[in-house]
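Peer 1: following is a predicted model, sequence given first.
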Amino acid sequence: MHEAGLTHGDIKADNIIIGSYENQWDYKGFARLIDFGTSTRYKDDNNKHVSQELKKNFVGNVLFNSASQLDNKFTCRRDDMLSIGLLLIFLVSELPYQ
């Protein structure tokens with residue numbers, strides 16, 4: 001997704017599907033992201049990274065969003081990676097601010 005110039009912006013347990021998939025590729029036990037309604041482009045038409053200061057309305061889950069997303073800054077790849085990290089901590093323990 002990031003290679004295509006997009007960020008998800010709403011990574012949470014509800015937006016991940018885990019299971020087995022049997023067809024021509026024989027995937028077994030895969031994980032996939034779903035619900036791309038909050039996805040945004042992090043690169044502009046000239047293939048340059050958009051300004052982090054560009055404001056937008058807050059969308060997503062407060063529990064797994066990064067500080068810059070909570071400040072209504074434009075979503076970047078770092079925010080998706082931070083959300084995945086917070087989700088993993090949530091799955092094995094609990095977040096300190098819960």
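Peer 2: Cool, got the structure.
Peer 1: quick one, phi psi at Ile34?
Peer 2: phi -130, psi 180 (degrees, to the nearest 10).
Peer 1: I should have written Asn15 there, sorry.
Peer 2: The phi/psi pair for Asn15 (degrees, to the nearest 10) is phi -100, psi 20.
Peer 1: then Asp80?
Peer 2: Dihedral angles (degrees, to the nearest 10) for Asp80: phi -60, psi -40.
Peer 1: right, and it touches His8 too?
Peer 2: Yes: between Asp80 and His8 a contact is recorded at 5.3 Å, counting by Cβ atoms under 8 Å. For the C-beta atoms, the positions are set from N, CA and C on the backbone; glycine is no exception.
Peer 1: any weak-confidence spans in the chain?
Peer 2: Across the chain, residues meeting the criterion (pLDDT under 70) sit at 20-29, 53-56, 98.
Peer 1: the helices in it, which residues?
Peer 2: 67-70, 77-92 (DSSP state H).
Peer 1: can you check which of these gets nearest to Ile17?
Peer 2: helix 77-92 (13.8 Å; Cβ to Cβ).
Peer 1: what's the spacing between that closest one and its chain's center?
Peer 2: 8 Å (Cα atoms, centre = their mean, to the nearest Å).
Peer 1: same check on stretch 61-76?
Peer 2: On Cα atoms, centre = their mean, the centre of stretch 61-76 falls 10 Å from that of its chain.
Peer 1: in that stretch, what's buried?
Peer 2: Neighbour-count burial for stretch 61-76 flags Asn61, Phe64, Asn65, Ser66, Gln69, Lys73, Phe74, Thr75, Cys76 (criterion: 16 or more other Cβ atoms under 10 Å).
Peer 1: between these, which is closest to Asn47?
Peer 2: Cys76 (14.8 Å).
Peer 1: ok, Tyr84 to Asn15 distance?
Peer 2: To be clear, residue 84 is Ile; Tyr isn't right here. 11 Å (Cβ to Cβ, to the nearest Å).
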